[in-house]
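Chemist: From the sequence below, what's the structure:
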Amino acid sequence: MHQKLKAHIDKIAPLTDDEFAFVSKHFTAKSFRKHQFLVQKGEPVSYNYFLLSGLTKLVYTDDESRQHILAFAMEDWWDTDLQAYYTRTKATLSMECLEDTEVLCLSLDNYQALCAGLPKIEHFFLEKAIFGFLAAQRRILSLMTSSAEERYNQLVKQHPSLLQRVPKTHLAAFLGVSRETLSRLAV
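Modeler: Residues are numbered from 1 along each chain as shown. Prediction:
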């Protein structure tokens, strides 16, 4: 399990075996079944999750009970309600498994200990945060300036495997279109 994490970190900040032994002590492995929640709206957020296997969705549910999917996460991706995680407040988002999912969990205290104890890891997380921020900017701009068809084509190009793994209703919610519109686009 931890070898997947080492390979993931090594792409940005190669670690020695001793350094990785220090890192791995700060993570806890957990398994979740399809439809289980890793994060629930209104609850404290204990962990940032590194996905070893499986698929999750990060969702905001509005006052009219409509679900707005902010993100999907699959193998080698990180996800959680970051605001609640970093500020130690209650979640405004929910994170649900769309498949059986195995994760490595990192508490905020352990995250801070890792960054303080190993500058390479602080660099790794900084790079991940920058890339995440850039992806969020691209997604916001896409929602503001691209047509539904252009957003669909971007998704197909960037993450083609999602089309086979995610129900069309979820893809439609992610793209900000109706299920019917998505069916027309996917032809």
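
Chemist: So for the helix or strand bottoming out on mean pLDDT in the chain, what gets flagged as buried?
Modeler: The helix or strand of the chain with the lowest confidence, counting by mean pLDDT, DSSP states H and E, is helix 179-185 at a mean of 83. By neighbour count on 16 or more other Cβ atoms under 10 Å, the buried set for helix 179-185 is Leu182, Leu185. For glycine as for every other residue, the C-beta is placed from the backbone atoms N, C-alpha and C.

Chemist: So what touches that helix?
Modeler: For helix 179-185, contacts defined as Cβ atoms under 8 Å, 6 or more residues apart in numbering pick out Ala148, Glu149, Tyr152, Lys168, Thr169, Leu171, Ala172, Leu175, Val177.

Chemist: which residues does Gly132 contact?
Modeler: With contact taken as Cβ under 8 Å, 6+ apart, Gly132 is in contact with Trp78.

Chemist: still on that earlier bit, in helices, which of the contacts of helix 179-185 appear?
Modeler: Ala148, Glu149, Tyr152, Lys168, Thr169, Leu171, Ala172, Leu175 (DSSP state H).

Chemist: nearest to Leu52, of the contacts of helix 179-185?
Modeler: Set against Leu52, the nearest of those by Cβ to Cβ is Leu171 (23.5 Å).

Chemist: returning to what we had before: of the contacts of helix 179-185, buried ones?
Modeler: By neighbour count, with 16+ other Cβ under 10 Å, the contacts of helix 179-185 hold Ala148, Tyr152, Leu171, Ala172, Leu175, Val177 as buried.

Chemist: thought the first one was touching Ser178?
Modeler: Same thing as Ala148. No: judged on Cβ atoms under 8 Å, Ala148 makes no contact with Ser178 at a distance of 9.1 Å.
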